[in-house]
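> coords below, sequence missing:
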């Protein structure tokens with residue numbers, strides 16, 4: 001197997017795991033690869049800490065190594081550490097879960113999260129990957145990319161995760177334009193039927209390097225859409241100012 005082909009297949013495996021834990025057989029069938037090849041790739045990825053397995057024979061899932069890599073987005077400092085106070089503030093103000101994510105190929109990678117003190121909390125998405133077109137963070141990050149990147153993304157097979165997922169390329173293109181103009185995005189039951197989220201871009205010297213978001217259960221979130229939008233946009237702007245400030 002050539003080096004380039006190995007890399008391509010390794011990323012394909014990671015994309016499969018971004019959809020949730022899976023075993024060797026399941027991944028091999030989905031990617032139409034030999035089980036021996038998938039097992040070898042998973043072993044290599046596990047040794048680097050980007051996939052993990054709780055025990056022999058159990059499914060694999062994405063590991064903390066991906067979050068460590070993503071934390072180096074801002075040269076010379078950890079984006080995660082810098083964002084942590086802003087995430088805590090955002091979670092407290094919104095009374096929901098706040099998160100930070102970055103672009104990872106045609107996926108969004110969640111690298112940090114803070115939960116509000118509520119009776120019903122959401123699962124921790126840190127280290128998970130989702131397709132760009134199905135979440136608020138993904139849409140914000142995609143809207144900030146060059147036209148060639150957007151074209152390549154929209155030419156791919158866009159999977160419908162729920163009945164609300166938008167997969168029409170032209171509809172998505174118009175949506176991305178509106179997101180770029182407004183500076184935020186909402187995703188309502190598009191990745192999962194029980195999740196609603198809103199996100200805004202984080203910039204370093206005018207370049208979008210991450211997305212800040214709040215998400216919550218669809219039965220209770222949001223109570224006031226305008227208020228939550230303003231809180232998220234303001235928090236993203238404050239974080240942008242922090243990471244763009246001269247050292």
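Everything's here; your move. Predicted model only: the values in this text are computed from it and were never measured.
> the domain parsing of the chain - what is it?
Using automatic domain parsing, the domain parsing of the chain gives 3-62, 68-244.
> remind me which residues of this structure are low pLDDT?
1-3, 18-20, 54, 64, 66-77, 118-123, 246-247 (pLDDT under 70).
> can you map out the helices along it?
3-18, 24-31, 35-47, 64-70, 79-94, 136-143, 147-154, 169-182, 225-244 (DSSP state H).
> Out of those helices, flag the one nearest residue 117.
helix 79-94 (8.2 Å; Cβ to Cβ). Using the backbone N, CA and C atoms, a C-beta is placed for each residue, glycine as well.
> contacting residues around that closest one?
The contact list for helix 79-94 (Cβ atoms under 8 Å, 6 or more residues apart in numbering) reads 67, 70-74, 97-100, 102, 111-116, 202, 209-210, 212, 214, 216, 228, 231-232, 235, 238-239, 242-243.
> tell me how far it is from the chain's mean position?
16 Å (Cα atoms, centre = their mean, to the nearest Å).
> quick one, it and helix 225-244 angle?
Put simply, helix 79-94 runs at 160 degrees to helix 225-244, going by axes from the mean of the first three to the mean of the last three Cα atoms, to 10 degrees.
> Same list, the helices of the chain, but as a markdown table with mean neighbour count please.
Formatted as a markdown table, the helices of the chain follow (neighbours: other Cβ atoms under 10 Å):
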| stretch | mean neighbour count |
| --- | --- |
| helix 3-18 | 16 |
| helix 24-31 | 17 |
| helix 35-47 | 16 |
| helix 64-70 | 19 |
| helix 79-94 | 19 |
| helix 136-143 | 28 |
| helix 147-154 | 14 |
| helix 169-182 | 14 |
| helix 225-244 | 18 |
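> Any idea which of those gets closest to residue 58?
Ranking these by proximity to residue 58 (Cβ to Cβ) places helix 24-31 first, at 11.0 Å.
> Just to check, residue 162 is in contact with residue 195?
No. At 9.4 Å, residue 162 does not count as touching residue 195 under the criterion of Cβ atoms under 8 Å.
> Now do the shared contacts for these two.
What both residue 162 and residue 195 touch, as defined by Cβ under 8 Å, 6+ apart, is the set residue 189.
> With neighbour numbers in mind, choose between these two.
residue 195 (22 against 14; other Cβ atoms under 10 Å).
> which one is that one nearest to, not counting chain neighbours?
residue 215 (5.6 Å; Cβ to Cβ, 6 or more residues apart in numbering).
> For the one you found, give me its contacts.
Counting by Cβ under 8 Å, 6+ apart, residue 215 makes contact with 96, 97, 99, 122, 136, 195, 196, 197, 198, 221.
> just residue 200 next, same as before
Counting by Cβ under 8 Å, 6+ apart, residue 200 has contacts 140, 183, 184, 185, 211, 212, 213, 232, 233, 235, 236, 237.
> Mind putting these into CSV with distance to residue 153?
Output for the contacts of residue 200, formatted as CSV (distance: Cβ to Cβ, whole Å):
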residue, distance to residue 153
140, 14
183, 20
184, 20
185, 15
211, 15
212, 21
213, 19
232, 23
233, 24
235, 26
236, 22
237, 26
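> Name the nearest of those relative to residue 170.
Closest to residue 170, out of all of these and judged by Cβ to Cβ, is residue 185, at 17.4 Å.
> Quick one: neighbours of that closest one, just the number.
Around residue 185 there are 28 other residues, counting by other Cβ under 10 Å.
> before we move on, what about residue 127?
Residues near residue 127, counting by other Cβ under 10 Å: 24.
> right, and it touches residue 63 too?
Yes. Contact criterion Cβ under 8 Å: residue 127 and residue 63 qualify, at 6.6 Å.
> quick one: contacts for residue 27?
Residues near residue 27 by Cβ under 8 Å, 6+ apart: 13, 16, 17, 33, 38, 42, 60.
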